[in-house]
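Q: Generate a structure from the sequence data that follows.
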Amino acid sequence: MSNDLGSANPSRSDSHRAVLLVLLAGSALWTVGAAIGGLAIGNPVWLDAAVALWLSAGMLLGVATAQAARAAADRGSEAAAERTAATRRRLQERKAGTVIVASLGVVGLLFASWPLRPPSPLAAAAVGSFGVAGAWLAATAANYFASVDPVHLPEAPGLARGARVLAWVLAAAAVAVALAWIGWSSGVRFLHLMLLILNAVVCFELSVARIPECPRFPADLRVFAVLGSRAHPLGSALDAAERQLGIDLRSSWALTVIRRSAEPLLIGLCAVGWLATALTVVASDEQGLVERLGVLRAGAPLGPGLHLHWPWPVDRVTLIPVRRVQTLHIGHEGEEEQGPEDVLWARQHAASEYTLLLGNGRDLIAVDAALQFRITDPYAWRYHDQNPTEALRAIAYRSVMKSTVSRTLAEVLSENVAALTAQMRSMVQADADALGLGIEVTAFTVGGMHPPVGVATDYQAVVSAELGKTTAAVSAEADRNEIVPKAEAEASSGENAARAEGAEALGKAVGEASAFRALEAAYRASPEAYRFRRRLEALEAQLNGRPFTVLDERIQRDGGELWLMK
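A: Got it, this is the predicted structure:
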């Protein structure tokens, strides 16, 4: 290996590695951009392109690793065999990781459901330009690898073929954006299926490919040889068939006949397609209005069935669904998610929900309503107004605002919904008749009127505070009803007890006063006798129940003696 690759210029190998790293960074960037763009616009073809870009990034990383290992081997090493084995292990791990992630992406996209919706013009232009730029860069990389000598970069032919295939994949992704924008979902699904098959085949071939002893990353896959040998995939497929069958298909009689008859066949198909515009099928719930050279044709409108008229652009037929009840959403744009209806007002129900200012100038309200109507006069619907649907929508919003302009949020939320919707329906019908839209309003239903979803948390906090205030007031009233009667009873009981005690004290004081007056009268009558009697009473009180001896001073005066012995 060192003899075969040893003559390579090291600086040229380094330049190849630099280009590989730049392309690797570009592939990673475009992988992320394709995934984000596909999820943003809901286009599965772009997610298929993201898987293809991931595969290209993994292959470029493996080729850069192998190129670095070969450059190290060219400079010479004593452990060249060990380094080669380690490089082969790294290449095998990176190949397996790339295949596993890409396979998971293919399986996920195969079983995923994608409700295709037309992207906005700005999003379609941005994502489509991104795809065209990626296809141009992939084609530039293909031209670069086609000019590289395989002696310096053995994987160059395989990378050139793979870059051509990747360029067509990104071009198909850009076309898918245009198909989704014009509403051709069948074309988007067809491209999605083709790219899924392509990614699955690349994953399978890359998983079974073996790492050679060189080492070299397996970039020369058979699917790249079939689709990427030439700039045009069909020519590349013919070349592959010639290599397999050994027959020059370009010189065969079948292709000669096809080549000679292609131009007349194409002209005939265009003529048939143009003549087919002279046939119009009117459904059972529709009527057709015929304009000839821009002027409405006189007569009754076309009824259900097949009708023949002059082809486009002489005659143009506009189909009006006169027997179909149509629904116009009020209060939001976009369709609600599939499945059971989310009745919680604090959650977003559609892509855009609008808010209306109420009459008091302080409250905002979000309305979830639907207007059902039927076209009764197709001429009036088609020609009396340039945008009848938008005019009807404006009328409906005006009726809602008129019905809520003089009310507060609490009044609106407590309003009789049946009476309110009947009023709105009458207003919409009257305004539509005044504009001559030619419709009949069959129903005006209000699914809900609530504060804006953006202030749901704050509104719920305010409601909780109001409920807390009411609860606290009721609880305080209950406590008052319990405490006040009890306090009044205790106060009355205390007052009665105090009055009883006062009467008792007063009676006692009166008695004591009467007794004191009687004593005073006795004292005034005979003070000496009163004092003597009070002295005896005091002695009696003190000596009651006690042993005592009375000594008279006259015993000693008369010459007697008294001995007290203990």
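
Q: Strands along the stretch 401-550 of the chain, start to end?
A: For the stretch 401-550 of the chain, applying DSSP state E, counting those that start in this stretch gives strands covering 439-450.

Q: pLDDT weak spots in it?
A: Residue ranges of the stretch 401-550 of the chain with pLDDT under 70: 404-417, 447-464, 550.

Q: I'd assumed residue 292 was in contact with residue 310.
A: Yes. Look at residue 310 against residue 292 with CB atoms under 8 Å: they come within range, at 6.8 Å. C-beta coordinates here come from the backbone N, C-alpha and C atoms, glycine included.

Q: mind showing which ranges of the stretch 251-400 of the chain have poor pLDDT?
A: By pLDDT under 70, the low-scoring segments of the stretch 251-400 of the chain are 251-263, 331-366.

Q: Where is the longest helix in this protein?
A: The single longest helix within the chain, with elements called by DSSP state H, is helix 456-525.

Q: Remind me what that helix packs against, helices and strands.
A: Applying 3 or more CB pairs under 8 Å, 6 or more residues apart in numbering; DSSP states H and E, one finds that helix 456-525 contacts helix 527-543.

Q: Outline the domain layout of the protein.
A: Following automatic domain parsing, one finds the domains of the chain at 2-251, 279-320, 330-337+344-451, 465-566.

Q: Residue 266 is nearest to which of these?
A: Closest to residue 266 of these is domain 2-251 (CB to CB; 15.9 Å).

Q: Can you report how many residues lie near residue 119?
A: The criterion is other CB atoms under 10 Å. On that basis, residue 119 has 21 neighbouring residues.

Q: That one contacts residue 178, doesn't it?
A: No. Counting by CB under 8 Å, residue 119 stays clear of residue 178, with 9.9 Å between them.

Q: re the thing from before, what residues are shared contacts of residue 310 and residue 292?
A: Common neighbours of residue 310 and residue 292 are not found (criterion: CB atoms under 8 Å, 6 or more residues apart in numbering).

Q: where along the stretch 151-300 of the chain do the strands fall?
A: Using DSSP E, counting those that start in this stretch, the strands of the stretch 151-300 of the chain run over 279-282, 287-292, 295-296.

Q: buried set for the first one?
A: If you call a residue buried by 16 or more other CB atoms under 10 Å, then strand 279-282 has these buried ones: 280, 282.

Q: Over to the second one?
A: Burial within strand 287-292, assessed by neighbour count using 16+ other CB under 10 Å, is assigned to 287, 288, 289, 290, 291.

Q: quick one: contacts for residue 374?
A: Contact partners of residue 374, counting by CB under 8 Å, 6+ apart, are 322, 323, 324, 325, 326, 439, 440, 442.

Q: Make CSV out of those and add neighbour count and distance to residue 99.
A: CSV is the format used below for the contacts of residue 374 (neighbours: other CB atoms under 10 Å; distance: CB to CB, whole Å):
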residue, neighbour count, distance to residue 99
322, 16, 57
323, 13, 56
324, 12, 51
325, 13, 53
326, 14, 50
439, 22, 59
440, 15, 61
442, 14, 58
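
Q: Among those residues, which one lies nearest to residue 105?
A: Of all the contacts of residue 374, residue 326 has the smallest distance to residue 105: 40.2 Å, by CB to CB.

Q: Just confirm the closest one contacts residue 373, I think it does.
A: Yes. Between residue 326 and residue 373 there is a contact under CB under 8 Å: 5.9 Å.

Q: Quick check: the gap between residue 225 and residue 202.
A: 12 Å (CB to CB, to the nearest Å).

Q: I'd like the contacts of residue 374 laid out as a markdown table, including distance to residue 64.
A: Formatted as a markdown table, those follow (distance: CB to CB, whole Å):
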| residue | distance to residue 64 |
| --- | --- |
| 322 | 66 |
| 323 | 66 |
| 324 | 61 |
| 325 | 63 |
| 326 | 59 |
| 439 | 66 |
| 440 | 70 |
| 442 | 67 |
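
Q: Just the buried residues of stretch 98-111, please?
A: Going by neighbour count (16+ other CB under 10 Å), the buried part of stretch 98-111 is 98, 99, 102, 103, 105, 106, 109.

Q: now, which of those residues sits nearest residue 216?
A: Of the buried residues of stretch 98-111, the one sitting nearest to residue 216 (CB to CB) turns out to be residue 98, at 15.9 Å.

Q: which ones are touching residue 55?
A: 98, 102, 199, 202, 203, 206.

Q: Show only the entries of those found in helices.
A: Those of these lying in helices (DSSP H): 98, 102, 199, 202, 203, 206.

Q: Widest-spaced pair of those?
A: The span of the ones in helices among the contacts of residue 55, defined through CB to CB, is set by 98 and 199 at 11.7 Å.

Q: What ranges does the stretch 51-200 of the chain have for its helices?
A: 80-111, 121-147, 156-182, 185-208 (DSSP state H, counting those that start in this stretch).

Q: Out of the ones you listed, which is the most enclosed?
A: helix 156-182 (a mean of 23; mean count of other CB atoms under 10 Å).

Q: Does anything pack onto that helix? Which helices or strands?
A: Using 3+ CB pairs under 8 Å, 6+ apart: helix 156-182 touches helix 10-41, helix 44-74, helix 121-147, helix 185-208, helix 222-228, helix 233-245.

Q: Let me see the mean pLDDT of the first one.
A: So that's helix 10-41. Helix 10-41 carries an average pLDDT of 79.

Q: Quick one: work out the angle between it and helix 156-182.
A: Angle of helix 10-41 versus helix 156-182, following axes from the mean of the first three to the mean of the last three CA atoms, to 10 degrees, is 20 degrees.

Q: now, among the contacts of residue 55, which is nearest to residue 514?
A: The closest of the contacts of residue 55 to residue 514 turns out to be residue 102 (CB to CB; 122.0 Å).

Q: so the nearest residue to residue 443 once chain neighbours are set aside is in which element?
A: Computed as CB to CB, 6 or more residues apart in numbering, the closest residue to residue 443 that is not its neighbour in sequence is residue 372, at 4.2 Å. Element membership for residue 372 (DSSP states H and E) is strand 364-375.

Q: Tell me the helix or strand right after that strand.
A: Downstream of strand 364-375, the first helix or strand assigned by DSSP H and E is helix 378-383.

Q: Show me what counts as buried in that following helix.
A: For helix 378-383, burial by neighbour count (16+ other CB under 10 Å) applies to 378, 380, 381, 382, 383.

Q: what do you get for stretch 517-530?
A: Buried residues in stretch 517-530 (16+ other CB under 10 Å): residue 530.

Q: Now tell me what touches it from outside.
A: Counting by CB under 8 Å, 6+ apart, stretch 517-530 makes contact with no residue outside itself.

Q: CA atoms only: put that stretch into PDB for me.
A: What follows is stretch 517-530, C-alpha atoms only, in PDB (Å, rounded to 0.1, in the frame of the first residue of the first chain):
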ATOM      1  CA  ARG A 517     -77.200  53.100 114.100                       C
ATOM      2  CA  ALA A 518     -78.600  50.900 116.900                       C
ATOM      3  CA  LEU A 519     -75.200  50.600 118.500                       C
ATOM      4  CA  GLU A 520     -74.800  54.400 118.300                       C
ATOM      5  CA  ALA A 521     -78.200  54.900 119.900                       C
ATOM      6  CA  ALA A 522     -77.200  52.500 122.800                       C
ATOM      7  CA  TYR A 523     -73.900  54.300 123.200                       C
ATOM      8  CA  ARG A 524     -75.400  57.700 123.400                       C
ATOM      9  CA  ALA A 525     -77.900  56.400 126.000                       C
ATOM     10  CA  SER A 526     -75.200  55.100 128.400                       C
ATOM     11  CA  PRO A 527     -71.600  55.300 127.300                       C
ATOM     12  CA  GLU A 528     -70.100  53.600 130.400                       C
ATOM     13  CA  ALA A 529     -72.600  50.700 130.300                       C
ATOM     14  CA  TYR A 530     -72.000  50.400 126.600                       C
END
